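# here are the coordinates; sequence isn't available:
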């Protein structure tokens with residue numbers, strides 16, 4: 001038994017609650033240790049930031065349900081991001097193309113791309129934030145048809161134009177665009193600002209042609225995937241030269257009728273080249289921004305949206321009974337034939 005400083009015997013003390021970390025209750029003549037009370041952690045729910053999605057975040061959406069994925073392709077400043085921003089603006093005005101806006105995981109991402117076109121941005125000229133080379137981001141919209149039940153989700157690949165320009169120069173670069181293998185629609189944009197100039201329109205047509213050809217030659221794009229060819233910025237046809245074109249010879253600009261005639265020639269060339277390969281081609285002409293011309297905001301985007309919302313699913317395989325016929329001796333093989341209807 002321990003002693004104090006004076007040499008007297010003292011009883012040992014029980015360990016305190018602070019030392020043991022346990023609550024104690026007196027039961028009879030003994031202390032009974034009680035485990036500490038556990039406080040359940042607060043339940044947390046992840047909230048989307050609203051910014052453009054990463055590949056992993058997009059996969060979580062596409063794995064839950066069948067979501068059409070739209071790949072927008074084209075050179076820099078051909079109008080890819082502007083087209084998506086214009087679609088966003090149209091829904092801010094109300095129902096559009098037979099759809100109601102329902103939800104979006106990327107509202108901040110869509111608004112961020114539209115900011116420079118807002119009055120609040122204090123910009124002198126309406127513009128759009130371009131996709132950066134180092135980023136591969138995806139935008140999401142959820143729509144509801146006005147005349148039907150159910151929701152339609154759409155995912156748009158917002159990729160930088162440099163990736164597509166690399167495919168034009170080197171078709172094998174298509175392998176760097178992994179989204180091609182998952183795309184339900186491939187939409188290739190041709191810059192209308194170039195189509196109205198004699199010195200640029202041939203190169204604009206050639207680049208779009210080489211881009212689609214590069215996708216197909218690399219085998220990254222299936223011939224069963226629908227392809228939309230979109231002629232953008234047709235509101236510029238027959239209009240004044242832009243500030244960036246102030247030094248261009250005015251004789252290089254063509255009339256609106258001549259520009260539209262050239263578009264018809266481009267359509268014919270694409271059909272002759274790609275439709276024999278089984279490609280489903282559709283053509284659209286858009287004027288995404290309001291420029292005070294005869295075209296309203298989002299001109300030509302409504303039929304394009306309807307096309308996107310109708311995802312094409314692969315057809316069911318057709319079984320050729322004759323091709324599958326083979327001599328069978330085992331009972332299990334005969335049973336399989338009967339189940340598949342091949343014994344007739």
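Alright, I've got the coordinates. Because the structure is predicted, anything quoted here is derived from the model rather than measured. Numbering: from 1, shown residues only.
# separation between residue 337 and residue 331?
Applying CB to CB, to the nearest Å, the value for residue 337 to residue 331 is 11 Å. For every residue, glycine as well, the C-beta is placed using N, CA and C.
# and the two? which has more neighbours close in?
residue 337 (17 against 8; other CB atoms under 10 Å).
# contact partners of the helix or strand containing residue 187?
Using DSSP states H and E, residue 187 sits in strand 185-190. The contact list for strand 185-190, computed with CB atoms under 8 Å, 6 or more residues apart in numbering, reads 68-74, 78-80, 83, 180, 204-205, 208, 211-212, 215, 221, 225-232, 266, 304, 307-308, 311.
# Next: stretch 91-107.
48, 50-53, 57, 61, 87, 90, 110, 138-147, 151-152, 297-298, 301-303, 305-306, 309.
# And those, which of them are buried?
Among those, the ones that count as buried by 16 or more other CB atoms under 10 Å are 51-53, 57, 61, 87, 90, 110, 138-143, 145, 152, 298, 301-302, 305, 309.
# Flag the shaky bits of the stretch 51-200 of the chain, pLDDT-wise.
114-134 (pLDDT under 70).
# Show me the longest helix that occurs in this structure.
Counting residues, the longest helix found in the chain (DSSP state H) is helix 256-274.
# And the contacts of that helix?
Under CB under 8 Å, 6+ apart, the answer for helix 256-274 is 190, 192, 195-196, 201, 205, 209, 212-213, 216, 227, 229, 231, 234, 237-238, 254, 281, 283, 285.
# Following the chain past it, name the next helix or strand.
strand 281-285.
# Now do the buried residues in that next one.
Quick answer for strand 281-285 (16+ other CB under 10 Å): 281, 283-285.
# go on, stretch 72-79?
Buried-residue list, stretch 72-79, by 16+ other CB under 10 Å: 72-75, 77-79.
# cool, and stretch 177-193?
For stretch 177-193, by 16+ other CB under 10 Å, it's 177, 179-180, 183-193.
# Let me know the closest of those to residue 44.
residue 179 (31.8 Å; CB to CB).
# just the helices in this protein please.
So, for the chain - with DSSP H - the helices run 17-20, 55-62, 80-92, 107-114, 161-169, 192-195, 201-217, 256-274, 301-309, 321-324, 331-340.
# by how many degrees do the fourth one and helix 80-92 diverge?
When you say that, I think you mean helix 107-114. Angular relation of helix 107-114 and helix 80-92 on a 0 to 180 degree scale: 120 degrees, by axes from the mean of the first three to the mean of the last three CA atoms, to 10 degrees.
# can you tell me which two in the buried residues of stretch 177-193 are farthest apart?
For these, and using CB to CB, no pair is farther apart than 184 and 193, which are 28.7 Å apart.
# hmm, back to that, can I get the helices of the chain in CSV with distance to residue 244?
Below are those laid out as CSV (distance: least, CB to CB, whole Å):
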stretch, distance to residue 244
helix 17-20, 75
helix 55-62, 34
helix 80-92, 15
helix 107-114, 21
helix 161-169, 17
helix 192-195, 9
helix 201-217, 16
helix 256-274, 18
helix 301-309, 24
helix 321-324, 61
helix 331-340, 65
